[in-house]
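model this:
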Amino acid sequence: MWQPDRRADIPIYRQIASHMEGRIRGGEFPQGSLLPSERKLADMLRVNRTTVVQAYEELRSMGLVERAVGSGTKVVPAGSGGAISPNWRKYLEAGTFLPNVPAMRRIRSELRTEGAVIDFASGELHPELFPNETIRTLLKEKTFDGHLGYEDPQGFAPLRDSLSRFLRRYLNIEASESSLLLTSGSQQSLFLITQCLLSPGDAVAVEVPSYGRSLSLFESAGLKVIPLRADDQEGVDPDDVAELHRRHRLKMIFTNPNFQNPTGTVLSAERKQRLLDIAAERGIPIVEDDPFSLTAFDGTVPPPLRSMDAGGQVLYVGSLSKIAASGLRIGWLAAPHSIVSKLADARQQMDFGLSAIPQWVAAELLDSPGFGRHLAELRRKLAFKLDSLRAALDYHLPGEVGYRVPEGGLNLWAKWNERPANADRLFEQAIREGVVYVPGSVYGSGPDFFRLCFARPADDRIEEGVAKLAAAYRTASRF
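Model (predicted):
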């Protein structure tokens, strides 16, 4: 008698459903015949009855069986005239777009209930850091009189004008409105780049550890992801790019040089120039993901690669999510006009563009005197939150956690000085204690690393969250 494999990653009810499906399609259970009762099959397979109920429900959703109270479960008879449900499991297993990595799905599941756990995982600002008062004032004083139909495929023209001025003023980046594509955030920009400018099998260099390693979009596009090692002191070594290109013929480089996520490092001006030179010599485009430059705590903004780029090889990706409000869903891509046009055409096939109202709000926000004041206040509050997190770690986990203090960004990249015996067990124990963080494995790093976003928790919950993390670490270390 067949038995499910209890060591397999596939849920037992799915194994049972798949096994029974094979027997039905193979004719062992002809159309109209009864299947074993739930209780009998549960006894035969040494599982509980609920597992068999789930398996039979899976078969019913596939249109293979029908169930009736008092009559049992039987194979759908020929010519029964009943509606046959699609085999949704087969559809779920199809398609080319891969799901998020399991740890991120687990985190998002825990965060569905607001306040249920203390959130060191979400890489976004706490609502108290949004420019709420500035936006409320704008909405009171300004009146939207724009067009409410479909917008230009590149995005709301007044916002592109405002954004061009913003990039020049704050980041020393020259980008005309015709070279800007508005997106719903950095991730949509990255998605469009991978889908429209690259082909399956192309080799791309992605920093490790990095946020890029947490995304499945590279694998979904069929790309060959080549790790570009980044340490937590100086970031990537540009000379590694030359060697990787020699071995793999790189088609693109993805990098986050300023307050890198998750390490917080800033690539020096010398390394940035070296990276630009090496890429230019080999004709390799660079995608610069730059969400954090303007969070520099002391106000000294490190120059983005794009501001140093004389050859037009950098595709510059940014957004308002990390410096204003993630809910505005405003991002941008600065690139040669031909690239922008192609990506705008693809984006129009997806959603016909962004909503005009948030784009109008963003344009007014970027041009307002209040935005500069908001950035200064944001930097001050982020520095305070980081200090609070460091103090809590030093108090609750003295000598047990190491970290390098970043000078900007939203995250602290930390390391257990004594590697946990089981990083997965620690992660689950932390959730049971009521706190979530991002394990280093999500970013392609080892089990002794983890990321804490200090921008997300409320000020008065940072120490509580660290205390819960410390309790989880000590509990998990006993096993």
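
where does residue 213 land in three-state SS?
helix (DSSP: H, G, I helix; E, B strand; the rest coil).

ok, the nearest residue to it once chain neighbours are set aside - contacts?
Spatial nearest neighbour of residue 213, excluding adjacent residues (C-beta to C-beta, 6 or more residues apart in numbering): residue 444 at 3.7 Å. The way it works is simple: take the backbone N, C-alpha and C, and place the C-beta from them, glycine included. Residue 444 sits next to 208-210, 213, 227 when contact means C-beta atoms under 8 Å, 6 or more residues apart in numbering.

any idea how far residue 444 is from residue 218?
Residue 444 is 12 Å from residue 218, where distance means C-beta to C-beta, to the nearest Å.

what do you get for residue 416?
Applying C-beta to C-beta to residue 416 and residue 218 gives a distance of 28 Å.

just residue 72 next, same as before
48 Å.

the more surrounded of these two?
Neighbour comparison, residue 72 and residue 218: the larger count goes to residue 218, with 20 against 15 (by other C-beta atoms under 10 Å).

read off the pLDDT value for the more buried one.
Note for residue 218: predicted pLDDT of 93.

now it: how far from residue 178?
Going from residue 218 to residue 178 by C-beta to C-beta gives 29 Å.

over to residue 73?
From residue 73 over to residue 178 (counting by C-beta to C-beta), the distance is 63 Å.

which parts of the stretch 201-350 of the chain are helices?
Along the stretch 201-350 of the chain, counting by DSSP state H, counting those that start in this stretch, helices occupy 217-220, 238-248, 269-282, 305-308, 337-351.

my guess is residue 408 is in a helix, correct?
No - the assignment for residue 408, made by three-state DSSP, is coil rather than a helix.

what sits against it?
Applying C-beta under 8 Å, 6+ apart, the residues near residue 408 are 258-259, 264, 266, 292-293, 295-297, 302, 379, 382.

next helix or strand past the lowest-mean-pLDDT helix or strand in the chain?
In the chain, the helix or strand scored least confidently by mean pLDDT, DSSP states H and E is helix 88-93, which has a mean of 70. Remark: after helix 88-93, the chain's next helix or strand is helix 102-110, criterion DSSP states H and E.

contacting residues for the residue nearest to residue 177 when sequence neighbours are not counted?
Excluding the flanking residues, the one nearest residue 177 by C-beta to C-beta, 6+ apart is residue 160, at 3.9 Å. Counting by C-beta under 8 Å, 6+ apart, residue 160 makes contact with 154, 177, 180, 182.

repeat that for 10 Å
Residue 160 makes contacts with 152, 154, 175-182, 332, 359, 363, as judged by C-beta atoms under 10 Å, 6 or more residues apart in numbering.

check which helices and strands the host helix or strand of residue 357 sits against.
Taking DSSP H and E as the definition, residue 357 sits inside helix 356-367. Helices and strands touching helix 356-367, by 3 or more C-beta pairs under 10 Å, 6 or more residues apart in numbering; DSSP states H and E, are helix 132-141, helix 157-171, helix 369-396.

and stretch 397-412, what's buried?
397, 400-401, 403, 406-412 (16 or more other C-beta atoms under 10 Å).

restricting to C-alpha, output stretch 425-439 in PDB.
Below are the C-alpha coordinates for stretch 425-439, written out as PDB (Å, rounded to 0.1, in the frame of the first residue of the first chain):
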ATOM      1  CA  ARG A 425      14.100  27.900  14.500                       C
ATOM      2  CA  LEU A 426      15.200  31.300  15.700                       C
ATOM      3  CA  PHE A 427      13.200  33.100  13.100                       C
ATOM      4  CA  GLU A 428      10.000  31.100  14.100                       C
ATOM      5  CA  GLN A 429      10.700  31.600  17.800                       C
ATOM      6  CA  ALA A 430      11.000  35.400  17.200                       C
ATOM      7  CA  ILE A 431       7.600  35.400  15.600                       C
ATOM      8  CA  ARG A 432       6.100  33.500  18.500                       C
ATOM      9  CA  GLU A 433       7.600  36.100  20.800                       C
ATOM     10  CA  GLY A 434       6.000  38.800  18.800                       C
ATOM     11  CA  VAL A 435       8.800  40.300  16.600                       C
ATOM     12  CA  VAL A 436       9.800  39.900  13.000                       C
ATOM     13  CA  TYR A 437      13.100  40.700  11.200                       C
ATOM     14  CA  VAL A 438      14.600  39.600   7.900                       C
ATOM     15  CA  PRO A 439      17.000  36.700   8.000                       C
END
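
pLDDT of it, averaged?
Here the average pLDDT along stretch 425-439 is 95.

how about stretch 7-23?
89.

point out where the stretch 101-250 of the chain drops to low pLDDT.
Filtered on pLDDT under 70, the stretch 101-250 of the chain yields no residues whatsoever.

one more: the stretch 351-479 of the chain?
Ranges of the stretch 351-479 of the chain meeting pLDDT under 70: 479.
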